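Trainee: What would the 3D arrangement of this be:
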Amino acid sequence: MFDRLKKAIGNLVDQISSKKISEADLESLLWDFQMSLVECDVALPVAEEISNRIRERLVGSKVGLFEDLRPIVESELRAILKETLAYYDLFSLIGNKRPFVIMFVGVNGTGKTTTIAKVAKQLKAKGMSVVFACSDTYRAGSEEQIETHAGRLGLKVIKHKYGADPAAVAYDAVLHAKNNGIDVVLIDTAGRMQTDKDLMDELMKIHRVASPDLTVFVGDSLAGNDALQQASEFNRYVKIDGVILTKVDADAKGGSAISISSALRKPIFFIGVGQGYDDIVPFDPDWVIDNILAKQQKAQN
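Mentor: Below you'll find the predicted structure:
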């Protein structure tokens, strides 16, 4: 009898001192957090999806009657972003297969060729031999640019004449690596707009001929919402395995990483933080999350 009475009193106290979170309780808070995401260059559909996921997790859950909901929403946002922002060590994906072929794709002006040189330097530092494939056979100065990087890094470039078939260059580079015991082939493709079907079909051909073990999308963090559309379209034509974001030193927002990771469900391998060969660092999801939440807290104050 005493135990039943004690339990009944406990339930009554719990009902009086707590409540269930309703959609109305969350409405203004979710709007604030959603706007903070958008201001940090997270694509609106992605920001809306994240808000909906927070709503689904919290509506109906029990909290203290006078408990501040903002830290609870912030905690759920952090958890969801942690789930969204995946990071893998690119180099850990290079198994025993030789040569291991990595193909880099992206639109014009993202710093793709320089990024490839940065990756090559890190591969060399890990004791791997590397060869470049210059499958950018149309852009004026493309061969000279990659040859300059190769000369500085002590690497070989496989190239053809300007206007040659980019897929043939990639094929020859892979064959050269096989014949010479080279560990990794890095294929530099021409930057192209994702809306140019002919060039995207050409990219598919390079991918089919080279049969890369990894395809990496190099995106410009300054592109904001455009980076999401670009990555999604490239992924339609050639399966993207991961992303490297460039120019992060000029963009402290980080929203592009959230948009791309959410849309592609693919990891961010690295971020570029400058023009030097060592200016590439492993992606840190906490950096993006802390930046988003700091933005939100600033707006609150």
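
Trainee: For residue 276, see how far away residue 167 is.
Mentor: Separation of residue 167 from residue 276 (C-beta to C-beta, to the nearest Å): 32 Å. All C-beta atoms are positioned from the backbone trio N, CA, C, and that covers glycine.

Trainee: Name the residue in the two with the higher neighbour count.
Mentor: residue 167 (21 against 11; other C-beta atoms under 10 Å).

Trainee: give me every residue that touches the more buried one.
Mentor: 135, 202, 205-206, 208-210 (C-beta atoms under 8 Å, 6 or more residues apart in numbering).

Trainee: separation between residue 247 and residue 40?
Mentor: Taking C-beta to C-beta as the measure, residue 247 falls 15 Å from residue 40.

Trainee: can you check residue 59 too?
Mentor: 25 Å.

Trainee: how is the chain carved up into domains?
Mentor: Domain ranges of the chain: 2-86+293-300, 90-283, per automatic domain parsing.

Trainee: can you pull out the helices in the chain?
Mentor: Using DSSP state H, the helices of the chain run over residues 2-17, 23-39, 44-58, 70-84, 112-125, 142-153, 166-180, 197-210, 225-237, 255-264, 285-300.

Trainee: still on that earlier bit, buried subset of the contacts of residue 167, written for PyMOL?
Mentor: The following PyMOL line selects those of those that are buried, judged by 16 or more other C-beta atoms under 10 Å:
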select buried, resi 135+202+206+209+210
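
Trainee: Compare neighbour counts for residue 247 and residue 40 and give me the winner.
Mentor: More crowded of residue 247 and residue 40, by other C-beta under 10 Å: residue 40, with 25 against 20.

Trainee: unless I'm mixing things up, that one is touching residue 259, no?
Mentor: No - contact between residue 40 and residue 259 fails when scored by C-beta atoms under 8 Å: they sit 9.9 Å apart.

Trainee: follow-up on the earlier one: among the helices of the chain, which comes closest to residue 94?
Mentor: Residue 94 sits nearest to helix 112-125 of all those, at 8.2 Å, using C-beta to C-beta.

Trainee: Pull out the buried residues from that closest one.
Mentor: 112-124.
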